[in-house]
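1. Sequence and predicted structure are below.
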Amino acid sequence: MIVNIEKAEEIVGYSVTKKKTGIQKRLLQQVIDTVEQRRAMIREFIFTVERIRIQYEIQQKSLEQFIHQLDEREQSLDQGLAKIGSQQKELERRQVQVEQELQSIRLIAENYREKKKKREQEYSLVASVPILSAQSKKRYIKARNKYSDAEQQVSESRQALEKCRDHLRLISKTVSAQYSEQDRVHHQRRGSKDTLLSSTQQLDYLQKGCDFWSEFDSYQAQLVLESAIYLREKINCHTPHGNNQLLDMDQVWQKTFLLACFEYGDGELYAHEKWNVDTLQITFDCEMCQTSQTGWPKVAYETDLVCQLCYSTIPQDSFLTKPMPRIPSHSKMRKLFSTLFNTHSKVNPI
């Protein structure tokens, strides 16, 4: 049954004739049963949201710790890149210096090579002349040694240059790896932040649903139940002729029932569009199959969030069962009408 103003008007309309009081009583009982079922669903919704909140808070705490670790890693990478950047600039400066030195040493070595060649030719010409050959040989050996020293310096400069280049290549690979890891850390941090924000937004959305349903349960559902119970019990009572005060109160309860059903129907329709568990897409971890799921979870064993498939495999006696909510005894309508009804009838509003 759908409880709304149309159904309420139909039920109240049967009050005109006594022949249809049986139908009216049956419909009122259906209204009571429907509202009690809704209240049970509200309790289950709120309980499920609480279990979702607990799971989300654990995940959020873990995410916050992970984000903190990523922040520390990001800071370490920034410091490492700054240090490597400084080393890279120093090596590049050293490379330019070595290249310039190598160029100068090559020119010197080339000059010494030419001198060595010249002295070698001179020595060949006077080698057979004892007086000249000794002096020429001395000049040749000196030129050869200088050329050899210059070549050694060229070799050492080349090795220094290659070492600089090797270090720069290694630094380039390290920088590339650091930037890749930095991108990965940025991606993980952004993903974690998005997940954290999404879970917070989902919890806020579900909390609004809990707040709405709680207020709905306390007011609209409560008032429909009280007025329906009163009207149902009133059918079994015979109102004495001339008791206008009691007849007026009957009309008050009928109007209360109509208004309550009107607000109930509108509220239920609004909540069905906003927090319909058949269409809600909530991300959660199934505690049975240990997988991430999207949809509306079930609660098994009173604490575990499980997916629909896993829930279907659980024995019936393990399902979440909560007692139907009792109507609070501190009813506003009871306080409002109890004194009037106690003086004129044995029937109380609830």
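-> Structure's in. What do you need?

2. what is the rounded mean pLDDT of the top helix by length along the chain?
-> What stands out as the longest helix in the chain, according to DSSP state H, is helix 21-126. What helix 21-126 shows for mean pLDDT is 92.

3. Next: stretch 185-204.
-> Averaged across stretch 185-204, pLDDT comes to 94.

4. Can I get it as PDB, trimmed to CA atoms?
-> Taking Å, rounded to 0.1, in the frame of the first residue of the first chain, the C-alpha atoms of stretch 185-204 are listed here in PDB:
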ATOM      1  CA  VAL A 185      53.500  10.300  -6.100                       C
ATOM      2  CA  HIS A 186      51.500  13.200  -7.500                       C
ATOM      3  CA  HIS A 187      49.100  10.800  -9.100                       C
ATOM      4  CA  GLN A 188      48.700   8.700  -6.000                       C
ATOM      5  CA  ARG A 189      48.300  11.700  -3.800                       C
ATOM      6  CA  ARG A 190      45.600  13.200  -6.100                       C
ATOM      7  CA  GLY A 191      43.800   9.800  -6.300                       C
ATOM      8  CA  SER A 192      43.900   9.500  -2.500                       C
ATOM      9  CA  LYS A 193      42.700  13.000  -2.100                       C
ATOM     10  CA  ASP A 194      39.800  12.400  -4.600                       C
ATOM     11  CA  THR A 195      38.900   9.100  -2.800                       C
ATOM     12  CA  LEU A 196      39.000  10.900   0.600                       C
ATOM     13  CA  LEU A 197      36.800  13.700  -0.800                       C
ATOM     14  CA  SER A 198      34.400  11.300  -2.400                       C
ATOM     15  CA  SER A 199      34.000   9.200   0.700                       C
ATOM     16  CA  THR A 200      33.400  12.400   2.800                       C
ATOM     17  CA  GLN A 201      30.800  13.600   0.300                       C
ATOM     18  CA  GLN A 202      29.100  10.200   0.300                       C
ATOM     19  CA  LEU A 203      29.000  10.200   4.100                       C
ATOM     20  CA  ASP A 204      27.500  13.700   4.100                       C
END
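
5. in that stretch, what's buried?
-> Neighbour counts over stretch 185-204 (16 or more other Cβ atoms under 10 Å) mark 185, 188-189, 192, 195-196, 199, 202-203 as buried. Yep, even glycine has a C-beta here, placed from its N, CA and C like the rest.

6. Also stretch 27-40?
-> For stretch 27-40, by 16+ other Cβ under 10 Å, it's 27-28, 31-32, 34-36, 38-39.

7. And the contacts of that stretch?
-> By Cβ atoms under 8 Å, 6 or more residues apart in numbering, the residues outside stretch 27-40 that reach it are 1-3, 7, 10-11, 14, 217, 221, 224-225, 228-229, 231-232, 235, 261, 264, 268, 322, 324-325.

8. again with stretch 4-23
-> With Cβ under 8 Å, 6+ apart, stretch 4-23 has contacts from 1, 24, 27-28, 31, 231, 235, 254, 257-258, 260-262, 264-266, 268-269.

9. Give me the buried entries from these.
-> Buried residues within those, counting neighbours by 16+ other Cβ under 10 Å: 24, 27-28, 31, 231, 254, 257-258, 260-262, 264-265, 268.

10. any chance of those in CSV, with distance to Ala82 and secondary structure too?
-> As requested, the buried ones among the contacts of stretch 4-23 are exported to CSV (distance: Cβ to Cβ, whole Å; DSSP: H, G, I helix; E, B strand; the rest coil):
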residue, distance to Ala82, secondary structure
Gln24, 83, helix
Leu27, 78, helix
Leu28, 78, helix
Val31, 73, helix
Leu231, 79, helix
Gln254, 80, helix
Phe257, 75, helix
Leu258, 75, helix
Ala260, 69, helix
Cys261, 70, helix
Phe262, 69, helix
Tyr264, 65, helix
Gly265, 66, helix
Glu268, 61, helix
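
11. Out of those residues, which is nearest to Lys163?
-> Glu268 (79.8 Å; Cβ to Cβ).

12. can you pull the contacts of that closest one?
-> Counted by Cβ under 8 Å, 6+ apart, Glu268 has contacts 3-4, 38, 216.

13. Determine the next helix or strand in the C-terminal direction from the longest helix of the chain.
-> helix 130-216 (DSSP states H and E).

14. Off-centre distance for that following helix?
-> In terms of Cα atoms, centre = their mean, to the nearest Å, the centre of helix 130-216 is found 35 Å from the chain centre.

15. now it against helix 21-126, angle please.
-> Interaxial angle, helix 130-216 versus helix 21-126 (axes from the mean of the first three to the mean of the last three Cα atoms, to 10 degrees): 180 degrees.

16. and helix 130-216, what other elements does it pack with?
-> helix 21-126, helix 244-274, strand 282-285 (3 or more Cβ pairs under 8 Å, 6 or more residues apart in numbering; DSSP states H and E).

17. Run the angle between that helix and helix 244-274 for me.
-> Using the same axes, to 10 degrees: helix 130-216 against helix 244-274 is 160 degrees.

18. Give me the subset of the contacts of stretch 27-40 lying in helices.
-> Using DSSP H, the contacts of stretch 27-40 in helices are 7, 10-11, 224-225, 228-229, 231-232, 235, 261, 264, 268.

19. circling back to that earlier point, and the two most separated of the buried residues of stretch 27-40?
-> Across the buried residues of stretch 27-40, the longest distance by Cβ to Cβ is 18.8 Å; it joins Leu27 and Arg39.

20. still on that earlier bit, just give me how far the longest helix of the chain sits from the chain centre.
-> Worked out by Cα atoms, centre = their mean, helix 21-126 lies 19 Å from the chain centre.
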